[in-house]
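Q: Sequence and predicted structure, then a few things I'm wondering about:
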Amino acid sequence: MRPIDLSHTILPGMPQWRGDVQPLAIHRVSMHGESSHMSSSLEFGCHIGTHVDAPLHFLDGAPGVDEMPLEAFGGAALVLDATAAVGADGKPVPLDVPLLEGVNLAGIEFLLIRTGWDTHWGTESYYEDWPALTQALAEQLAVAGLRGVGVDTPSPDPYGGQVAHELFAAKNMINIENLTGLDQLPERGAWFQAFPLKLQATEASPVRAIAWVEPA
């Protein structure tokens, strides 16, 4: 098995979620020298870059990233091709129930939805609009026995929406947001992992999301 990186690089100046009150900063505290070495410190919100949302994000009393078992952050993945949700004009359309027609989720722990929206990463338009789940699709996924849903967009919900988050949180599922490179994965057969930092009583964390696939 070989690993494929599904994470965006966190770097100064990168666009962030609209209204995020914590700007990103990577401080170089010291650099290499005759009597020094390189040390850095970080400032950023827990929802920066590729990250996971624990149920605590939208459900009071639910577990945070430090309270969930490790197996909650890894498992067999199915990649759902939803690239048609971005039209030729570049405008997104909602991700709806017909996407699941003929899709067998038996034995699948993570549904990774590939829209191609990650091509907008690094631009302001990435956070302006994106293909989001309809309530009907979110309801179906919430009862599918999944551990989580991953998207290559800022959120499974539209800006200001929270239905998918709430439905998934109620089922103790995680969201993995801002994935990239899902086009490198087969539809089936990949093993997905997205482990968060062990932050006490915290609702989200940046991750290094990867998928393990059989060598070509």
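A: That came through fine.
Q: and the helix or strand harbouring residue 113, which strands flank it?
A: Take DSSP states H and E as the rule and residue 113 turns out to sit in strand 110-114. Paired neighbours of strand 110-114 in the sheet (DSSP bridges): strand 74-81 (parallel), strand 148-151 (parallel).
Q: With mean pLDDT and distance to residue 12 as added columns, please give those strands in JSON lines.
A: In this view, the C-beta of every residue, glycine as well, is placed from N, C-alpha and C. Formatted as JSON lines, those follow (pLDDT from 0 to 100; distance: least, CB to CB, whole Å):
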{"stretch": "strand 74-81", "mean pLDDT": "98", "distance to residue 12": "30"}
{"stretch": "strand 148-151", "mean pLDDT": "98", "distance to residue 12": "25"}
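Q: so which of these comes closest to residue 7?
A: strand 148-151 (11.2 Å; CB to CB).
Q: helix or strand right after that closest one?
A: Next along from strand 148-151, by DSSP H and E: helix 163-170.
Q: Go through that following helix and flag the buried ones.
A: 163-169 (16 or more other CB atoms under 10 Å).
Q: Helices along the chain, start to end?
A: 135-142, 163-170 (DSSP state H).
Q: Show me how far the first one is from its chain's centre.
A: Computed by CA atoms, centre = their mean, to the nearest Å, the separation of helix 135-142 from the middle of its chain amounts to 17 Å.
Q: ok, now the last one?
A: Helix 163-170 has its C-alpha centroid displaced from the chain centroid by 14 Å (CA atoms, centre = their mean).
Q: helices or strands next to that helix in the packing?
A: Packing contacts for helix 163-170, counted by 3 or more CB pairs under 8 Å, 6 or more residues apart in numbering; DSSP states H and E, involve helix 135-142, strand 148-151, strand 174-177.
Q: Of those, which is nearest residue 117?
A: strand 148-151 (8.1 Å).
Q: Could you list the residues in contact with the closest one?
A: 6, 52, 72-73, 77, 109-113, 115, 141, 156, 164, 168, 173-179, 192, 194, 209 (CB atoms under 8 Å, 6 or more residues apart in numbering).
Q: what's the pLDDT at the closest residue to residue 201 other than its chain neighbours?
A: Leaving aside its sequence neighbours, residue 201 sits nearest to residue 64 (CB to CB, 6 or more residues apart in numbering; 5.0 Å). The score at residue 64 is 98. That number is its pLDDT.
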